[in-house]
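In: Just a sequence and a predicted model for now, questions to come.
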Amino acid sequence: MPFELPTFYQILDFIGTLAFAISGTRLAAAKHFDLFGAYVVGVTTAIGGGTMRDVLLGTQPFWMTNPFYLVCSGIALLWVVVFRKHLVRQDNTWFLFDTIGLALFTVVGFEKTLAFGLPMWCAVIMGAMTGAAGGILRDVLINEVPLIFRKEIYALACVLGGVVFALCHKLGLDHNTTAVVAGASVITMRLLAVKYHLSLPKLKVEGSKEE
Amino acid sequence: MPFELPTFYQILDFIGTLAFAISGTRLAAAKHFDLFGAYVVGVTTAIGGGTMRDVLLGTQPFWMTNPFYLVCSGIALLWVVVFRKHLVRQDNTWFLFDTIGLALFTVVGFEKTLAFGLPMWCAVIMGAMTGAAGGILRDVLINEVPLIFRKEIYALACVLGGVVFALCHKLGLDHNTTAVVAGASVITMRLLAVKYHLSLPKLKVEGSKEE
Amino acid sequence: MPFELPTFYQILDFIGTLAFAISGTRLAAAKHFDLFGAYVVGVTTAIGGGTMRDVLLGTQPFWMTNPFYLVCSGIALLWVVVFRKHLVRQDNTWFLFDTIGLALFTVVGFEKTLAFGLPMWCAVIMGAMTGAAGGILRDVLINEVPLIFRKEIYALACVLGGVVFALCHKLGLDHNTTAVVAGASVITMRLLAVKYHLSLPKLKVEGSKEE
């Protein structure tokens, strides 16, 4: 993890965690979850992707010795309670923060996977998982079809970020530049996707026997 | 794990596992699962929380070298088959056994997490996960919104039990007393919650862009 | 893993992975997932069971150092896109390939669990999980009640295969014969189940308080 810029990194981490937790908390509230349930869904959205990554890497989940992420999710719950009538007006801000979180978590997941000696293509997958799997777990918990598989390009932006990271790495760019360029490419792709409603085509398949 | 009272501990463990498995088996049956599916949902309800805890702790899941829990779940399936017309009349008993299981699993999860050198707040979370996550996995498998996020206080009783455990520990109470007091507080809170229909407030949030 | 017949083993592995991924991709397409979502569901169906097994065994998931499985799932996606109007006509082929995969993955899961020094009964469970859990994860992701708990005998065929493996092992049959006999018994049971519409009885339970 990038200790060279602790403060800036921590601010981004806070912003991203908050945005992810708020997205989970809001959707849980919309499904009539109680406060505790909304908190659990918020936490799961925020730390689910990284937890899945750490379990697959065989290492201790990052949040188990650092209460930061659970406190963040608590702040997110409080925020939703206090500003529940104004959240729609804050949508653009939270979308931006969510995008920052997506980029950060992708880059962190990518780096951590490489640090475990795994190949580049695996780091691309694990980066995308770190960024996007929390939202999938959120949707499983609230019993909805995962949103990210149907709306504007989301997880693919993480994959792109991972590919950009791998390319910069091959080109011999220094670590900080690589991380910033990769993160910026996630953010750019996500912003473009939402601005121009870019989605991947849907598959149209005839009759599936198994259904 | 408390070896000082093996028999009593094992009886409670049996009762709790049975009650958890029966809850899963019944709900699966209500969704028209076949016998095998009902068994899988029963097992998942019984061992899911502890398995999740052990995976996060990076240790071998507790049931992999001890067939006790799978046999218990088999007995639960048999029980549901045999008494399928009388289960409603047994509801109070199974509710009580379920509550005993909730308390036991919470305390066991709390202790095991501490034994891995993790902080108190993490043990509180892992205790609640041990007690309540099986029920969440059950509801994911039967494709329902997790019940515990909407009904009377459930997982919060586990959190309370964890906090009581931590307090007793700080006060220097001996291990057995601490475990009993923490377990009793889970049971008390759950019984009060059901008797007086205590639920946490639900969040009311206006329009969520992401839905 | 059987290195004595690498080519034949790899062919079966390819066929099975392809069939599993295609089943996931098709069902995702039927639920209007985009191309990326369909790929993720395909991958999850193909590698989900083995990943769950490896996480429980505390070892690195098998696909993390071998891109074979992700490439296979990509081929599956391509196949579904190209042949989307002809998939129904290919149903019998894919059913057969799926059954081969089920048998192979069950046997591999059984052997790997034994190699970790775990008991026979645990290997039976882990073999069935390797074969059948990918399909459960698939159905959780597409927000449907898991099919394998309601249709013709599926996971039980894996359990039978595991029991046959254990019996052959006790009888002192050599390793290759044992693996082939166990795999054949999975395939036979599954073919018979589908041909004669063999299902397990469903549980009929009266009123469940928890619903």
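Out: That came through, no problem.
In: so does the worst-scoring helix or strand of chain A on mean pLDDT get close to chain C?
Out: Least confident element among the helices and strands of chain A, by mean pLDDT, DSSP states H and E: helix A:6-30 (a mean of 91). No. Under the criterion of Cβ under 8 Å from any Cβ of the partner chain, chain C is not reached by helix A:6-30; the shortest gap measures 14.0 Å. Placement of C-beta: from N, CA and C, glycine included.
In: Which strands or helices does that helix pack on?
Out: In terms of contacts (3 or more Cβ pairs under 8 Å, 6 or more residues apart in numbering or on different chains; DSSP states H and E), helix A:6-30 is packed against helix A:35-57, helix A:68-82, helix A:91-115, helix A:120-141.
In: Just want the angle from it to helix A:91-115.
Out: 120 degrees (axes from the mean of the first three to the mean of the last three Cα atoms, to 10 degrees).
In: isn't A:Leu165 right up against A:Ala184?
Out: To be clear, residue A:165 is Phe; Leu isn't right here. No. Contact criterion Cβ atoms under 8 Å: A:Phe165 and A:Ala184 do not qualify, at 11.0 Å.
In: more crowded one of those two?
Out: Neighbours per residue (other Cβ atoms under 10 Å in any protein chain shown) separate A:Phe165 from A:Ala184, with A:Phe165 holding more: 27 against 14.
In: How about the closest residue to chain B within chain A: what's its closest non-neighbour residue?
Out: Using Cβ to the nearest Cβ, the closest approach of chain A to chain B is made by A:Gly37 at 2.6 Å. Spatially, and ignoring its direct neighbours in sequence, A:Gly37 is nearest to B:Phe149 (2.6 Å; Cβ to Cβ, 6 or more residues apart in numbering or on different chains).
In: For the one you found, give its distance to A:Ile100.
Out: Counting by Cβ to Cβ, to the nearest Å, the separation of B:Phe149 from A:Ile100 is 28 Å.
In: who has more neighbours, the two?
Out: B:Phe149 (28 against 20).
In: Contact partners for that one?
Out: A:Ala28, A:Phe33, A:Asp34, A:Phe36, A:Gly37, A:Ala38, A:Val40, A:Val41 (Cβ atoms under 8 Å, 6 or more residues apart in numbering or on different chains).
In: do you know how far the fifth one is from chain C?
Out: Put plainly, it is A:Gly37. 16 Å (Cβ to the nearest Cβ, to the nearest Å).
In: From A:Val43, how far off is that residue?
Out: A:Gly37 is 11 Å from A:Val43, by Cβ to Cβ.
In: More neighbours: which of those two?
Out: Counting neighbours by other Cβ under 10 Å for A:Gly37 and for A:Val43 shows that A:Gly37 has the greater number, 30 against 27.
In: I figured the more buried one was touching B:Ile148, is that so?
Out: Yes. In this structure, A:Gly37 is within contact of B:Ile148 by Cβ under 8 Å, at 7.3 Å.
In: quick one on the thing from earlier: please convert the helices and strands packed on helix A:6-30 to CSV, extending it with mean pLDDT.
Out: What follows is these, written out as CSV (pLDDT from 0 to 100):
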stretch, mean pLDDT
helix A:35-57, 97
helix A:68-82, 95
helix A:91-115, 95
helix A:120-141, 97
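In: surely A:Ala133 meets A:Gly48?
Out: Yes. Taking contacts as Cβ under 8 Å, A:Ala133 lies within contact range of A:Gly48: 5.8 Å.
In: Next up, the contacts around the residue most central in space within chain A.
Out: In chain A, the centroid-proximal residue (Cα atoms, centre = their mean) is A:Gly131; its distance is 3.1 Å. By Cβ under 8 Å, 6+ apart, the contact list for A:Gly131 reads A:Gly49, A:Gly101, A:Leu102, A:Ala103, A:Phe105, A:Thr106, A:Gly109, A:Ala155, A:Cys158, A:Gly161, A:Val186.
In: Spell out which parts of chain A neighbour chain B.
Out: A:23, A:25-38, A:40-41, A:51, A:55, A:58-61, A:64-65, A:67, A:70, A:80-81, A:84-85, A:87-88, A:91, A:95, A:140-143, A:147.
In: give the contact list for A:Cys168.
Out: Taking Cβ under 8 Å, 6+ apart, one finds A:Thr177, A:Thr178, A:Val181, A:Ala182 in contact with A:Cys168.
In: Within reach of chain C, which of the residues you listed are there?
Out: Counting by Cβ under 8 Å from any Cβ, no member of those is near chain C.
In: Can you list which of those are found in helices?
Out: A:Thr177, A:Thr178, A:Val181, A:Ala182 (DSSP state H).
In: about what we covered before: would CSV of the contacts of A:Gly131 with distance to A:Val205 and neighbour count be doable?
Out: Shown next, in CSV, are the contacts of A:Gly131 (distance: Cβ to Cβ, whole Å; neighbours: other Cβ atoms under 10 Å in any protein chain shown):
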residue, distance to A:Val205, neighbour count
A:Gly49, 29, 30
A:Gly101, 34, 26
A:Leu102, 29, 30
A:Ala103, 33, 27
A:Phe105, 32, 31
A:Thr106, 30, 31
A:Gly109, 32, 30
A:Ala155, 21, 25
A:Cys158, 26, 32
A:Gly161, 30, 31
A:Val186, 30, 29
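In: ok, and which of those reach chain C?
Out: Among the contacts of A:Gly131, chain C is touched by A:Ala155 when using Cβ under 8 Å from any Cβ.
In: want to throw the contacts of A:Gly131 into JSON lines with distance to B:Leu203?
Out: Shown next, in JSON lines, are these (distance: Cβ to Cβ, whole Å):
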{"residue": "A:Gly49", "distance to B:Leu203": "23"}
{"residue": "A:Gly101", "distance to B:Leu203": "21"}
{"residue": "A:Leu102", "distance to B:Leu203": "24"}
{"residue": "A:Ala103", "distance to B:Leu203": "28"}
{"residue": "A:Phe105", "distance to B:Leu203": "25"}
{"residue": "A:Thr106", "distance to B:Leu203": "29"}
{"residue": "A:Gly109", "distance to B:Leu203": "30"}
{"residue": "A:Ala155", "distance to B:Leu203": "27"}
{"residue": "A:Cys158", "distance to B:Leu203": "29"}
{"residue": "A:Gly161", "distance to B:Leu203": "33"}
{"residue": "A:Val186", "distance to B:Leu203": "30"}
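In: Name the nearest residue to A:Gly161, ignoring sequence neighbours.
Out: A:Val186 (3.7 Å).
In: Sounds good, over and out.
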